[in-house]
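coords below, sequence missing:
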């Protein structure tokens, strides 16, 4: 794969876009040091407006678990397109997808569909409050649960942040009302003792504990041994609803998500991205006694585009593909991810390059320097300028990672992709070594 010479057309497109499109992109997450506009994607690769080809490990921030344009999903959507795109009424696709999800996800007795992770999180917090009659929610410092005002709190706090065992509650962006912090308690991740003390003192006020089972939005930090089990036991003891945000981990760590992977079953979960292979959909579900509040309309859940037939057709085809042959595709994604993660770490060790691939096999994060990350406070020790430079130089070699370092594998990635990725990484590392 040749080193990318220029992105002239992408730069021109960006300048044109900024004239009418606020900021030039549709999401703040799409800003790279240099703009890249994609023309097409197929399998594990994308091509930009200048004809440059990239091996794609960003996968549209997660949804493309089968790669770009998987035929089985495209065919299902085309078939549904001829039948109708929106009805405003029920369709059989809704219960067909629901049946698959209930079979796969351990905590789910009943499920509902929506369109984004932010919507799903917003609703499960409301549902937990309605079920318990309490208002406060425990959220962990550094965990991301979408863009709603009431939970976009202490995701990327900067100093001063308060004590490590008693973090300050900090709003993230301009425009958030001050009162959004009133019912949110921020705790450090991976400290079971702090959670125990908080629930002992305030459990009667707390409706829910919400968490990413693995902290993939910040560093790929895994839970300590026994931590998730401990949280489960404490929340049950105090009658607090445990919510897993599986937008990233759902249908990626395992068919049943992180709850299957770790063997810890929450009361409610939200998931999205991977289970429709690139079509906009998310969902929430959980224990029947809680979800009955939705079923009986005591806590109404509405949305014009909920269970859009095109997205449901994509979801059904994707779930069938992921589950067939006893989860063969899922095993393949884990196996090829393990190979890449192991060989990248071997390469880093060979050159004493201060970087490590941390997390899990289907998805991991490239961090620098090599640290034993346990909580958000450890992230401030990372060299983000170094990491961004590495990811930018890999982009110039035709390797597309998320700027924050997340690397996701799909069913479309193959051995050739891995070899070219490792060759590109070695080129970047050796280039840096020669400049010392």
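On my side now, so go ahead. Model, not experiment: these values are computed from the prediction.

when you work out contacts or count neighbours from here on, use the C-alpha atoms and nothing else.
Will do.

list the contacts of residue 104.
255, 256 (CA atoms under 8 Å, 6 or more residues apart in numbering).

the same query, at a cut-off of 6 Å, please.
Each residue near residue 104 by CA atoms under 6 Å, 6 or more residues apart in numbering is listed here: residue 256.

for residue 18, see how far away it is.
Residue 104 sits 43 Å away from residue 18 when distances are taken as CA to CA, to the nearest Å.

then residue 286?
For residue 286 relative to residue 18 (CA to CA), the value is 43 Å.

quick one, which of the two is more surrounded?
The residue with more neighbours, out of residue 286 and residue 18, is residue 286; 25 against 12, by other CA atoms under 10 Å.

helix or strand for the nearest residue to residue 81 once chain neighbours are set aside, which one?
Spatial nearest neighbour of residue 81, chain neighbours left out: residue 310 (6.7 Å); criterion: CA to CA, 6 or more residues apart in numbering. Assigned by DSSP states H and E, residue 310 belongs to helix 309-350.

tell me what that helix is packed against?
helix 71-81 (3 or more CA pairs under 6 Å, 6 or more residues apart in numbering; DSSP states H and E).

show me the contact partners of the helix it packs on.
The contact list for helix 71-81, computed with CA under 6 Å, 6+ apart, reads 310, 313, 314, 317.

where in the protein is pLDDT low?
1-2, 436 (pLDDT under 70).

can you give the domain ranges for it?
8-69+327-435, 71-321 (automatic domain parsing).

the longest one: end-to-end distance?
Okay, so that is domain 71-321. 11 Å.

for the chain, what spans make up the helices?
Using DSSP state H, the helices of the chain run over 8-20, 71-81, 92-104, 117-132, 192-202, 227-237, 257-262, 288-295, 309-350, 376-379, 384-396, 415-435.

and of the ones you listed, who's closest to residue 180?
Closest to residue 180 of the helices of the chain, according to CA to CA: helix 117-132, at 12.8 Å.

tell me the angle the closest one makes with helix 288-295.
110 degrees (axes from the mean of the first three to the mean of the last three CA atoms, to 10 degrees).

look up how far residue 287 lies from residue 265.
Residue 265 sits 10 Å away from residue 287, going by CA to CA.

the more surrounded of the two?
residue 265 (21 against 17).

hmm, the more buried one is touching residue 259, no?
Yes: counting by CA atoms under 6 Å, residue 265 does reach residue 259; the two are 5.4 Å apart.

ok so, going back, quick one: distance of the helix holding residue 310 to the chain centre.
Centroid separation for helix 309-350 versus its chain: 14 Å, with CA atoms, centre = their mean, to the nearest Å.

again with stretch 19-33
The answer for stretch 19-33 is 20 Å, by CA atoms, centre = their mean.

ends of that stretch, how far apart?
End-to-end for stretch 19-33, by CA to CA: 19 Å.

heads up, I number from 54, so please use that
That works, and once the first residue is 54, the last one we named lands at stretch 72-86.

distance of the residue nearest the centre of the chain from residue 247?
Among the residues of the chain, the one closest to the centroid is residue 301, at 2.7 Å (CA atoms, centre = their mean). To residue 247, residue 301 is 26 Å away according to CA to CA.

next one: residue 180
Counting by CA to CA - residue 180 and residue 247 are separated by 25 Å.

neighbour count winner among these two?
Comparing residue 180 with residue 247 by neighbour count (other CA under 10 Å), the higher total belongs to residue 180, at 24 against 15.

where's that one relative to residue 322, distance?
Counting by CA to CA - residue 180 and residue 322 are separated by 11 Å.

can you check residue 405 too?
40 Å.

so between these two, which is more surrounded?
residue 322 (29 against 11).

list the contacts for the nearest residue to that one once chain neighbours are set aside?
Of all residues not flanking residue 322 in the chain, residue 297 sits nearest, at 4.7 Å (CA to CA, 6+ apart). Applying CA under 6 Å, 6+ apart to residue 297 gives the contacts 263, 264, 265, 322.

got a quick ChimeraX command for the buried subset of those residues?
The following ChimeraX line selects those of these that are buried, judged by 16 or more other CA atoms under 10 Å:
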select :263,264,265,322
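
so of the contacts of residue 297, which ones are in strands?
Among those, the ones falling in strands (DSSP state E) are 263, 264, 322.

now tabulate the residues you listed in TSV and tack on distance to residue 276.
Shown next, in TSV, are these (distance: CA to CA, whole Å):
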residue	distance to residue 276
263	14
264	11
322	17
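
which among those residues gets closest to residue 168?
For these, the nearest to residue 168 is residue 322 (15.0 Å; CA to CA).

go through stretch 353-368 and flag the buried ones.
358, 359, 360, 361, 362, 363, 364, 365, 366, 367, 368.

nearest spatial neighbour of the second one, chain-adjacent residues omitted?
Pointing back at residue 359 there. Residue 359's closest residue in space is residue 167 (CA to CA, 6+ apart), at 4.6 Å.

pretty sure residue 324 contacts residue 333?
No: using CA under 6 Å, residue 324 makes no contact with residue 333, being 11.8 Å away.

grab the nearest non-local neighbour of residue 180.
Once flanking residues are discounted, residue 180 sits nearest to residue 352: 6.8 Å by CA to CA, 6+ apart.

can you give me the distance of that neighbour to residue 181?
For residue 352, the distance to residue 181 - CA to CA - is 10 Å.

neighbours around the closest residue to residue 101 other than its chain neighbours, how many?
Nearest residue to residue 101, sequence neighbours excluded (CA to CA, 6+ apart): residue 91, at 4.1 Å. Residue 91 is flanked by 16 other residues according to other CA under 10 Å.

one more: the one 3 residues further on?
Taking other CA under 10 Å as the criterion, the count of residues near residue 94 is 17.

between the contacts of helix 124-134, which is closest to residue 142?
residue 363 (13.7 Å).

and for the nearest residue to residue 252 once chain neighbours are set aside, the neighbour number?
Nearest residue to residue 252, sequence neighbours excluded (CA to CA, 6+ apart): residue 291, at 6.9 Å. Neighbours of residue 291 under the rule other CA under 10 Å: 17.

distance of the nearest residue to residue 325 once chain neighbours are set aside from residue 403?
In space, and not counting its chain neighbours, residue 325 is closest to residue 335: 4.0 Å by CA to CA, 6+ apart. Here the distance between residue 335 and residue 403 works out to 42 Å (CA to CA).
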